[in-house]
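Chemist: what follows is a predicted structure for the sequence shown.
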Amino acid sequence: MKEIGTVKTLRGSTAEVEIKRNSACGDCGACHVSKDQSVMLTTAKNPIHAKSGETVEVEMQFANVFVAAFIMYGIPLLAFILGSGGAYYLVGSLNLGWDQVLTSFFTGICLTAIAYLVIRQIDRQGRFSSKYQPVIIAIVEKVDTVSTPMEKRMGN
């Protein structure tokens with residue numbers, strides 16, 4: 001997945017790049033950009049030593065996009081399904097007198113929250129950032145972008 005952006009600031013071997021939101025972007029929220037915003041900021045590896053203000057091509061391996069999405073959405077979903085399903089059958093088989101449905105629902109919610117906390121902790125340790133971080137692959141001439149009809153309607 002390649003995008004064109006502008007280097008805003010440099011931080012050691014990484015750069016903060018401002019990328020214009022394109023019309024293919026959905027509303028998944030992965031980039032933390034709302035519908036009303038037209039740009040997103042990302043931190044990318046800078047092996048080519050791009051300078052602040054330069055227009056660059058940023059790439060993230062397509063397989064890494066899927067793995068990152070699975071980590072962020074799939075693992076918590078699995079935690080919810082396994083937690084609620086497991087609790088449903090456990091409460092039913094142990095005859096604890098608890099409401100089977102409510103207990104399983106809240107167990108699933110708790111395990112989902114725990115999954116997000118574990119993912120967040122692992123990310124803070126830096127295990128994800130280097131592997132799934134975008135990379136600046138080229139410095140490009142500044143190009144005039146042509147707005148799509150949808151972008152024109154949105155005012156971009």
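Modeler: On my side now, so go ahead.

Chemist: dump the residue contacts of residue 132.
Modeler: 60, 64, 67, 68 (CB atoms under 8 Å, 6 or more residues apart in numbering). In this view, the C-beta of every residue, glycine as well, is placed from N, C-alpha and C.

Chemist: number of nearby residues for the nearest residue to the first one once chain neighbours are set aside?
Modeler: With CB to CB, 6 or more residues apart in numbering as the measure, residue 134 is the residue that lies nearest to residue 60, at 4.4 Å, once sequence neighbours are left out. Residue neighbour count, defined by other CB atoms under 10 Å, stands at 23 for residue 134.

Chemist: over to residue 52?
Modeler: Neighbour tally, residue 52, other CB under 10 Å: 11.

Chemist: mind checking the SS state of it?
Modeler: coil (DSSP: H, G, I helix; E, B strand; the rest coil).

Chemist: look up how far residue 55 lies from the spatially closest residue to it that is not a sequence neighbour.
Modeler: Once flanking residues are discounted, residue 52 sits nearest to residue 7: 5.3 Å by CB to CB, 6+ apart. Distance of residue 7 to residue 55, given as CB to CB, to the nearest Å: 8 Å.
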